[in-house]
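Attaching a predicted model along with its sequence, questions to come.
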Protein chains: 2
Amino acid sequence: MSADPRTTPAAYDAVDLIRAKRDGGALPADAIAWLVDAYTHGRVADEQMSAFLMAVCWRGLTADELDHWTAAMVASGERADLGGLPRPTVDKHSTGGVGDKVSLVLTPLVAACGAAVPQAAGRGLGHTGGTLDKMEAIPGWRADLDTGRMREILTDVGGVICAAGPRLAPADRRLYALRDVTATVESIPLIASSIMSKKIAEGTSSLVLDVKVGTGAFMTSMDDAHELARTMVRLGDRAGVRTQALLTAMDTPLGRTAGNGPEVAEAVATLRGAGPADLVEITVALARVMLDLAGLGPVAPDPAELLASGAAFKVWRAMVAAQGGDPDAALPVPAFTRVVPAPASGYLSRLEARAVGVAAWRLGAGRARKEDPVSAAAGLRWFAGVGERVRAGEPLIELYSDDESTFPRAIEALAGAVAVTAEPPAFAPLVLAHIR
Amino acid sequence: MSADPRTTPAAYDAVDLIRAKRDGGALPADAIAWLVDAYTHGRVADEQMSAFLMAVCWRGLTADELDHWTAAMVASGERADLGGLPRPTVDKHSTGGVGDKVSLVLTPLVAACGAAVPQAAGRGLGHTGGTLDKMEAIPGWRADLDTGRMREILTDVGGVICAAGPRLAPADRRLYALRDVTATVESIPLIASSIMSKKIAEGTSSLVLDVKVGTGAFMTSMDDAHELARTMVRLGDRAGVRTQALLTAMDTPLGRTAGNGPEVAEAVATLRGAGPADLVEITVALARVMLDLAGLGPVAPDPAELLASGAAFKVWRAMVAAQGGDPDAALPVPAFTRVVPAPASGYLSRLEARAVGVAAWRLGAGRARKEDPVSAAAGLRWFAGVGERVRAGEPLIELYSDDESTFPRAIEALAGAVAVTAEPPAFAPLVLAHIR
């Protein structure tokens, strides 16, 4: 039998490739393509891939290896075709933070400014919420769209938030599940390739990354956040997706709410021109980068004005309706509420993001396992932001839950998360760096 | 329900333990015991253990961790009881070299000197042969013994070479199979614990380790060999097995033969007082350490004399007969032989051990997969040792095989392995260090 060299992939031995990476070597393009393909099709076993992934945590990947690794993940599925739309496409991805409802405001805002925003989003796991979980608090709204319907909505409305379909980078889904149970999640090249393979496959022409850094973010050090941002920007550019990143602070939760329904309500208020300053600042900053990337910088209206004028809100209503949602329906109401008073009078100088995220999660807003349901009504709202005055004994935080028994452990999570001081805290910038 | 703390193991999460090791932490005794037990019983998945093993390749194990890891592997099965025998027990383990038939000579020799030698041995994989494969070249000889029969032979004869039973450290068997396919074999703590868990479970009171170092050995650097030896000596001592190690050279194969039947023939010649000098030197050196460890140093006869006198050969005959073998039976004869002549006249200055091992393996003496059969007759014999004179065109190496088609690739393996020079090579010591 003679093998056709055009269809027979180069034969590698998984053990040789693991050993090479373990010893600090760099693998050639063919070897990486073989490894990802063989793993996706079950010819390389989970125990071999997990050993390889741990070796990557140890030794890293070179820039070339990472390009090939990411390309192999994209090649494991379909790359959506969003070419030929009447508007330039531009998307945003956030590495995840507490109270991060930016996508809900930004997508209709950038669409209102003239771009098409094809946001393929995910559900949440752990203490940060997922964009789809938030949108699903809206009665009737559905996350699943095929590419044809996505193109229609992008043409008619300009913005779409939908589920990343199973055919986008399926290798990433298998790899992510494996990394989750083998403590190989926290590796910058693996994080970067996981995010970028899905965004490249999604079909957008350009992309802004909101890389969160701080105690409530996945990246807690500035150095790591910079490296992740630079790695993803380079990966996007090399794959033909114009990519830039903002590093933004995530020590304090964004806005005044955490939880699915509560964050939708806050996003709607923001789209009606009454949003909290931090949420507006980050959203407008990201919108400006997106419009530049889409080539609309010189001609687009000012996003700050379109947010204030209600123009973005009109697009939001059309987006929600296009996916079966009722933009006028009341959001779910929690069965129980509980108030936490301010512990002292003075300035709120700290509201720790991770603690707020864990509290929201314990109230029912998040899931511990990916098959768990989430509550649409559960969450928190705080009446003062960091730097504002509070008075001892007056309500500081309101907790929402469908299950009264969740309150004690949620309140426990908040212990030590709040500080009130006599002097106002030092000014802390929100947008920390722009990587391009 | 209340759990009984005496019987309920502490609950750990495999992901937490992998993460802790990945980040360079040290695990407590309970965590290691839980991990090995949970893996052995299938509650920790292969992909989790392989990630942990790669993290160990990266971060190592502390001395305490390694003690606990080894103890957990011993505890996964039975620890044989060899107490109450009329002689002190002492065993030897070699890390494996080419032409290493030392166990076949050493076991009856040390028994002849008055100790009991309970050698639980293994089969070979790759370019170094296994002691059981060699013994099985003897017609009728059987490797499997239960502990009762082993005690009987140790009492009556003094020496046993048998298969390490499936109940000795079963966790090691599972872990070794996993390490083999995940490129996590080459880690000093994992090698040390694999060897020592079996030797501790075997029930011997004392142990000498023959740690081979050189191009034909698993350890090619002196530093690594020293570290492995020190690690195993410490592990043995802490587990109550008096342990010492010799570091011995393995750049040149031992004796004048490689292959199962050929090595048995050479061992028999050595037991009859006509062995090659290098094999005799290493065997006697190991025997002296063993007799000291067994507490027989001041009273035992000189092993060099018992080898020369034929006393050890009598024990060999009894050992072979006790396990069904016929000590007078002819050994299998190869169907084909091929002679490689000396390439020049002068001194044989190099005969590279790994190349000889690979040649023997290709001739049929070794196996590529553990279920493969091995040939009893296949192998090599060389007519001169390093440092001896050779003459161009006269026979230097004779190859044996049951399959004529194996000769070309065996001869290919030997290309570059032989050097003949005008001046004799510098003296190279065989025993390099004694670790106690």
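That came in fine, so what should we check first?

Next, the residue in the stretch 301-436 of chain A positioned nearest to chain B: phi, psi?
Per C-beta to the nearest C-beta, A:Ala368 is where the stretch 301-436 of chain A lies closest to chain B, at 12.3 Å. (Each C-beta comes from the backbone N, C-alpha and C, glycine too.) Here is the backbone geometry of A:Ala368 (degrees, to the nearest 10): phi -90, psi -40.

Same check on A:Ala258?
phi -140, psi 140.

picking that back up, tally of neighbours for the residue of the stretch 301-436 of chain A closest to chain B?
10 (other C-beta atoms under 10 Å in any protein chain shown).

Then A:Ala201?
25.

Let me see the contact set for it.
A:Val74, A:Gly77, A:Glu78, A:Arg79, A:Ala80, A:Leu168, A:Ala169 (C-beta atoms under 8 Å, 6 or more residues apart in numbering or on different chains).

Give me the domain ranges for chain A.
A:14-60, A:90-322, A:336-421 (automatic domain parsing).

Ends of the shortest one, what's the gap?
In this case it means domain A:14-60. 18 Å (C-alpha to C-alpha, to the nearest Å).

Spell out whether that domain and chain B are in contact.
Yes. Residues of domain A:14-60 contacting chain B under C-beta under 8 Å from any C-beta of the partner chain: A:14-16, A:18-19, A:22, A:45-51, A:53-55, A:57-58.

Same question for stretch A:214-222.
No. Judged by C-beta under 8 Å from any C-beta, stretch A:214-222 and chain B are separated, with a smallest distance of 13.5 Å.

circling back to that earlier point, of the residues of domain A:14-60 next to chain B, buried ones?
A:14-15, A:18-19, A:22, A:45-51, A:53-55, A:57-58 (16 or more other C-beta atoms under 10 Å in any protein chain shown).

if you look at these, which of them are in helices?
A:14-15, A:18-19, A:22, A:46-51, A:53-55, A:57-58 (DSSP state H).

So which of those is the closest to A:Ala422?
Closest approach to A:Ala422 among those (C-beta to C-beta): A:Cys57, at 45.2 Å.

For the nearest residue to the closest one once chain neighbours are set aside, give me phi and psi.
Leaving aside its chain neighbours, A:Cys57 sits nearest to A:Ser187 (4.5 Å; criterion: C-beta to C-beta, 6 or more residues apart in numbering or on different chains). The phi/psi pair for A:Ser187 (degrees, to the nearest 10) reads phi -140, psi 120.

A:Ser187: neighbouring residues, count only.
There are 19 residues near A:Ser187, going by other C-beta under 10 Å.

Over to A:Ser206?
21.

Tell me which helix or strand A:Val264 sits in.
Assigned by DSSP states H and E, A:Val264 falls within helix A:260-271.

is it true that A:Gly214 touches A:Leu247?
No. Between A:Gly214 and A:Leu247 there is no contact under C-beta atoms under 8 Å: 9.9 Å.

So which bits of chain A are right by chain B?
A:14-16, A:18-19, A:22, A:45-51, A:53-55, A:57-58, A:178, A:180-184, A:186.

please redo it, this time with the cut-off set to 6 Å
A:15, A:18-19, A:22, A:46-48, A:50-51, A:54-55, A:58, A:182-183 (C-beta under 6 Å from any C-beta of the partner chain).

Contacts only, for A:Pro166.
With contact set as C-beta atoms under 6 Å, 6 or more residues apart in numbering or on different chains, A:Pro166 has no partners.

Can you report phi and psi for it?
Backbone dihedrals for A:Pro166, given as degrees, to the nearest 10, come out at phi -70, psi -10.

if I look at it, how far off is A:Lys134?
21 Å (C-beta to C-beta, to the nearest Å).

and what of A:Tyr176?
In terms of C-beta to C-beta, A:Tyr176 sits 21 Å off from A:Lys134.
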